[in-house]
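S.K.: Test case, fold it:
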Amino acid sequence: MRIACLLPRKDMVERAWRVLMKNGVDWQALGLTIDYGPKFYALEWVEKIKSETPRPDIIVARGLHATLIKQHCTIPLVEIRLTAQEMGLLVVQALKMVHKAHPRIGVVGYMNQYCNMDRFDEIFDIELHSYLVQDDISDIEALYECARQAVRDKMDVIIGGDVAQEIAQQGEIPNLYIQSTGDSFWEAFLSVKRMAYAIELEQLNSSRLQTLLDNAFSTVVCLNVQGRVTMINQIAEMQLGWTQADVQGQPLSALVPGLGMDVLMPVLTEGRTVFSVYIDIGPRSMVANISPILTENGIAGAVLSAQPVKLVEEMGSAVRRHQMGKYSFTGASEEIGEPSAAMRRTEALCRQYAGSEFPVLIFSDPGNLQHRFAQLIHRTSRRERGEFIYADCAEIPAADQIHALFGSAEENGSILRAANGGTLYLENIQVLAPPCQRRLLSVLKHQSFMDTRYRQEPISVRIVASAPVLLAQMAEEGRFDAELYYALHTLPLSLPPLRERKEDILYWAEQFLAHYRERYKRYIALTAGGKRQLTDYPWNGNVVQLRAFCQHLILTAQRRTIDEVDIRRLYGRMYFAAAPAPAAQAARESLRIGGEAERISRLLAQYNGNRSRTAAALDISTTTLWRKIKKYGLTDDALTE
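M.R.: A predicted model of the protein is given here:
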C-alpha cells in the first residue's frame with residue numbers, strides 16, 4: 001500500500017506529521033509521503049506520481065488541489081474537509097477581529113473544502129455567506145470571481161485560501177486563512193484507512209478470482225456489459241491460443257464466429273443464463289454456458305465457460321457411471337413400528353398394494369420417511385428379489401434428469417435400467433422435468449422407454465412415487481403432466497402428518513432420545529410433563545424435525561432430568577419464527593394472569609428474584625417454591641438465593 005498527500009503550505013505538512021506521530025501511525029508501513037506546493041503545483045505533482053513505480057494507491061488533497069487531481073488522475077482520492085470544530089474556531093477568530101454584533105462573514109473556496117455550516121448563523125449570531133465553487137470546476141477565474149463577489153457584498157470578514165486572502169486584502173477587508181488544527185487531516189486519514197482496507201480486500205478478491213480462473217478445468221472468458229473481453233484464464237490461453245493482451249477489450253462476437261450479439265444480449269440485458277451453446281474456435285468444437293454477473297445495481301457483465309465437446313461427452317459418461325451406484329438401495333429395510341391406528345392401517349394397505357404391479361403414488365408432507373413404505377411394498381411383492389432403486393428427483397438437476405433416468409447403454413446405463421426386474425421409487429416426483437414425465441408415462445403405458453439416443457427399449461419395473469398433496473393442483477394448472485398424474489394415481493397412499501398422530505410423536509421421541517443418549521453418552525431422562533409438552537407441538541417437519549430436536553436436546557441439556565419448561569425453551573429457540581405457540585402454552589399464559597402464579601410472580605418481582613424471601617412471604621419452603629416456579633413456567637433468569 002502506498003499513500004501520497006499534497007497540501008498547500010509547509011506549515012500544514014508539519015502539522016500533519018505531528019498529528020500522525022501523536023496517534024502512533026506507522027507511516028512507513030503505509031508508504032506515506034506528504035508534499036506541498038502552490039495553486040497549480042497539483043498538475044505537475046500528479047504527472048510525477050503517475051510516472052512513479054509503484055504508483056500510489058490513494059491520494060489525499062484539498063480544495064483546488066483536489067479538484068485538479070480528480071480531473072487529471074484516476075487514482076482514488078480522499079479530500080480533506082474542514083471539520084465543524086475547525087470552522088467554528090475560525091468564526092470565533094473572525095468575531096474577535098470585527099468587534100460588532102451580528103457581523104457578515106463570507107466563506108470563499110471550493111465546496112469540497114468545508115463542512116456543513118447551515119446552523120452557524122444561529123449558533124454564533126452571525127450572517128454567514130458562502131461563495132463556493134463547484135467541485136468539478138477547476139477554472140481559477142471562478143474562484144477569483146467568488147472572492148470578488150464577497151468583496152462587492154461588503155463582508156465584514158472573509159475566510160478562505162490564498163486567492164480569497166489576496167482579493168480581500170485588495171478590498172481592504174479583514175480576512176482569515178483556512179488553517180487547520182489537524183482535526184481535518186486526521187479525519188481524512190481515517191477515511192484513507194477505510195479506503196485502504198477496501199482496496200486491499202478488492203485486491204485480495206481479484207487475486208482469488210484469478211487463481212480460481214487459472215485453476216478451473218474450463219476455458220473461462222469474462223465480459224463487460226458491452227460484450228467485450230475483460231479477462232481470460234490460463235486454460236483459455238492454452239486451448240484457444242489467445243493471450244490476455246491480444247483479446248482484452250475485443251468484442252467476443254469478433255473472436256468467436258457464430259457467437260453473435262443475438263446470443264449475448266439475453267445474458268447482458270435480461271440476466272438470463274444461456275446453456276449448451278456449440279461454438280467453433282479455430283479447429284476446436286466446444287460447448288459453452290454464458291452466465292450474467294449480477295450485482296445489486298444490475299448486470300455488470302458475463303462469464304463464458306466452455307469445454308471441448310469430446311471432453312464433455314467423456315466426463316458425462318464417467319459421472320453417470322459414478323452416480324448409478326448411489327441410487328441402488330443396499331441397506332437394511334426400515335421397519336414401520338409406529339403404534340398409531342392410522343399408521344397400522346397404512347401399513348396394511350401397503351401390503352395389499354404389494355400384490356399388484358400397478359404404480360403407487362404416496363402423498364406425504366416432507367420429513368415423513370415415506371421411503372419406508374415404498375420399501376415395504378417392494379419387499380412384500382413378487383419383485384423382492386429384484387433391485388430397489390431409490391432416487392430423489394429434487395437431488396438431480398433438471399438438465400441432468402433425462403440422462404440419469406433414461407441414459408443409453410453406451411453411457412453406462414441409467415437409473416431406470418438399473419431397476420429393471422425390481423422397483424423404482426421416485427421421491428419428489430413433482431420436480432421431474434417435463435420431458436422425463438412423458439418418457440415415464442411411456443414406461444407405465446407400454447413397459448418400454450426411449451433412451452437418450454432415441455431408441456426404444458423394453459423394461460419391466462414397478463414404479464412407486466411420492467409427492468406432496470399439491471400434485472393434483474399442479475396437474476390441474478398444467479404444471480405437471482395430467483396423464484402421468486392419473487396413471488400414477490392408480491393406487492394412492494396418503495401418509496398422515498405427525499401432528500395428527502400424538503402417540504407416534506412419543507414413539508419417535510423415545511427412539512431418538514435412546515439413540516442419542518448412547519451416541520453421546522449423555523443419559524438424560526424426560527419427565528411426564530416433558531413428554532406431554534412434545535405432543536403439543538405441530539412438528540411441521542414431521543419425523544425429520546423431531547429427530548433434529550431430540551439430538552439438540554441431548555447435546556445441550558443442562559440437567560439429567562428434562563421437563564416441560566426445558567422443552568418449551570429449546571423449541572422457542574429453534575423454531576420461534578417458524579412455529580405457532582402450542583395450545584398448552586396458551587393455557588399456561590392464561591393461568592399466569594391470576595391465582596397462585598400471579599402472586600408468586602409479584603412477590604419475586606418485589607424481592608428482586610430472591611427465592612428465600614419469596615418463600616418466607618408465602619410460608620412455604622424454597623424447594624416447594626422452586627417446584628411451583630417450574631410448574632407455572634415462571635422465568636428464573638433473575639432468581640437469586
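
S.K.: Can you show me the strands along the stretch 1-150 of the chain?
M.R.: 3-7, 32-36, 58-61, 77-79, 104-110, 127-133 (DSSP state E, counting those that start in this stretch).

S.K.: Output those as CSV; include the columns distance to residue 352 and mean pLDDT.
M.R.: No exception for glycine: its C-beta is placed from N, CA and C like everyone else's. Formatted as CSV, the strands of the stretch 1-150 of the chain follow (distance: least, CB to CB, whole Å; pLDDT from 0 to 100):
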stretch, distance to residue 352, mean pLDDT
strand 3-7, 81, 90
strand 32-36, 84, 89
strand 58-61, 78, 90
strand 77-79, 79, 88
strand 104-110, 88, 92
strand 127-133, 89, 92
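
S.K.: what would those strands look like in JSON lines with mean neighbour count?
M.R.: Listed next are these as JSON lines, based on neighbours: other CB atoms under 10 Å:
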{"stretch": "strand 3-7", "mean neighbour count": "23"}
{"stretch": "strand 32-36", "mean neighbour count": "18"}
{"stretch": "strand 58-61", "mean neighbour count": "25"}
{"stretch": "strand 77-79", "mean neighbour count": "20"}
{"stretch": "strand 104-110", "mean neighbour count": "26"}
{"stretch": "strand 127-133", "mean neighbour count": "18"}
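
S.K.: Out of these, flag the one nearest residue 194.
M.R.: When the strands of the stretch 1-150 of the chain are compared by CB to CB, strand 77-79 sits nearest residue 194, at 9.2 Å.

S.K.: which helices and strands does the closest one pack with?
M.R.: When contacts are defined as 3 or more CB pairs under 8 Å, 6 or more residues apart in numbering; DSSP states H and E, strand 77-79 packs onto strand 58-61, helix 63-72, helix 183-214.

S.K.: winner for burial among these?
M.R.: Ranked by mean neighbour count, the helices and strands packed on strand 77-79 are led by strand 58-61 with a mean of 25 (mean count of other CB atoms under 10 Å).

S.K.: List the neighbouring strands of it plus their orientation.
M.R.: Strand 58-61 sits in its sheet next to strand 3-7 (parallel), strand 77-79 (parallel), going by DSSP bridges.

S.K.: residues in contact with that strand?
M.R.: Contact with strand 58-61 is made by 1-7, 42, 49, 69, 73, 75-80, 188-189, 192, 195-196, 199, as judged by CB atoms under 8 Å, 6 or more residues apart in numbering.

S.K.: what's the span of stretch 468-479 from first residue to last?
M.R.: 14 Å (CA to CA, to the nearest Å).

S.K.: What residues of it count as buried?
M.R.: Buried residues in stretch 468-479, counted by 16 or more other CB atoms under 10 Å: 471, 472, 474, 475.

S.K.: Using TSV, please lay out those residues together with secondary structure and distance to residue 57.
M.R.: TSV is the format used below for those (DSSP: H, G, I helix; E, B strand; the rest coil; distance: CB to CB, whole Å):
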residue	secondary structure	distance to residue 57
471	helix	59
472	helix	63
474	helix	56
475	helix	61
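
S.K.: What pLDDT is listed against residue 19?
M.R.: Note on residue 19: pLDDT of 88.

S.K.: I meant residue 579, not that one.
M.R.: pLDDT, read off for residue 579, is 46.

S.K.: tell me the domain ranges of the protein?
M.R.: Split into domains by automatic domain parsing, the chain comes to 1-80+181-214, 100-179, 216-308, 328-496, 499-589, 593-632.

S.K.: closest to residue 94 out of the ones you listed?
M.R.: Across the domains of the chain, residue 94 has its closest neighbour in domain 100-179 (4.1 Å, CB to CB).

S.K.: thinking again about what came up before, compare the helices and strands packed on strand 77-79 and say which comes out lowest on pLDDT.
M.R.: helix 183-214 (a mean of 79).

S.K.: re the thing from before, would JSON lines of the strands paired with strand 58-61 with distance to residue 91 be doable?
M.R.: Below are the strands paired with strand 58-61 laid out as JSON lines (distance: least, CB to CB, whole Å):
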{"stretch": "strand 3-7", "distance to residue 91": "23"}
{"stretch": "strand 77-79", "distance to residue 91": "21"}
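
S.K.: Relative to residue 444, which of these is closest?
M.R.: It is, among the strands paired with strand 58-61 and with distance given as CB to CB, strand 77-79, at 70.0 Å.

S.K.: How about residues contacting that closest one?
M.R.: Strand 77-79 is touched from outside by 58-62, 66, 69-70, 112-113, 188, 191-192, 195, with contacts defined as CB under 8 Å, 6+ apart.

S.K.: Same check on stretch 338-346?
M.R.: 336, 373, 493-496, 500-504, 507-508.

S.K.: Just the buried subset of the residues you listed, please.
M.R.: The neighbour count (16+ other CB under 10 Å) marks 373, 493, 495, 496, 501, 504, 507, 508 as buried among the contacts of stretch 338-346.

S.K.: How confident is the prediction for the third one, by pLDDT?
M.R.: Right, residue 495. On the pLDDT scale, residue 495 gets 93.

S.K.: Which residue is the nearest non-sequential neighbour of it?
M.R.: Closest residue to residue 495 apart from its sequence neighbours, by CB to CB, 6 or more residues apart in numbering: residue 364 at 4.0 Å.

S.K.: neighbours around residue 29, how many?
M.R.: Using other CB atoms under 10 Å, residue 29 has 8 neighbouring residues.

S.K.: before we move on, what about residue 626?
M.R.: 14.

S.K.: With residue 529 as the reference, measure out to it.
M.R.: Distance, residue 626 to residue 529, by CB to CB, to the nearest Å: 15 Å.

S.K.: and what of residue 298?
M.R.: For residue 298 relative to residue 529 (CB to CB), the value is 56 Å.

S.K.: Neighbour count: those two, which is higher?
M.R.: Neighbour tally, residue 298 and residue 529, criterion other CB under 10 Å: the higher count belongs to residue 529, 16 against 11.

S.K.: Let's see the pLDDT reported for that one.
M.R.: On the pLDDT scale, residue 529 is placed at 90.

S.K.: give the contact list for it.
M.R.: Counting by CB under 8 Å, 6+ apart, the residues that residue 529 touches are 563, 564.

S.K.: looking at this protein, which residue ends up farthest from its center?
M.R.: Centroid-distance maximum for the chain: residue 172 at 63.0 Å, with CA atoms, centre = their mean.

S.K.: my read is it is in a strand, agree?
M.R.: No - read with DSSP: H, G, I helix; E, B strand; the rest coil, residue 172 is coil and lies in no strand.

S.K.: now the strands: where do they sit in the stretch 401-550 of the chain?
M.R.: Using DSSP E, counting those that start in this stretch, strands in the stretch 401-550 of the chain cover 423-427, 448-450, 456-458, 462-467, 491-494, 525-526.

S.K.: Now do the fourth one against strand 423-427: the angle between them, please.
M.R.: Direction vectors for strand 462-467 and strand 423-427, defined by axes from the mean of the first three to the mean of the last three CA atoms, to 10 degrees, enclose an angle of 10 degrees.

S.K.: got a list of contacts for strand 462-467?
M.R.: Residues outside strand 462-467 that contact it (CB under 8 Å, 6+ apart): 357, 359-364, 370-371, 374, 377-378, 381, 383, 422-430, 440, 443-444, 488.

S.K.: if we go to 7 Å?
M.R.: 357, 359-364, 370, 374, 377, 381, 383, 423-430, 443-444, 488 (CB atoms under 7 Å, 6 or more residues apart in numbering).

S.K.: ok, of those, which come out buried?
M.R.: The neighbour-count criterion (16+ other CB under 10 Å) marks 359-364, 370, 374, 377, 381, 383, 423-430, 443-444, 488 among these as buried.

S.K.: Could you find the closest non-adjacent residue to residue 435?
M.R.: residue 402 (5.7 Å).

S.K.: For the one you found, give me its contacts.
M.R.: 433, 435, 436, 452.
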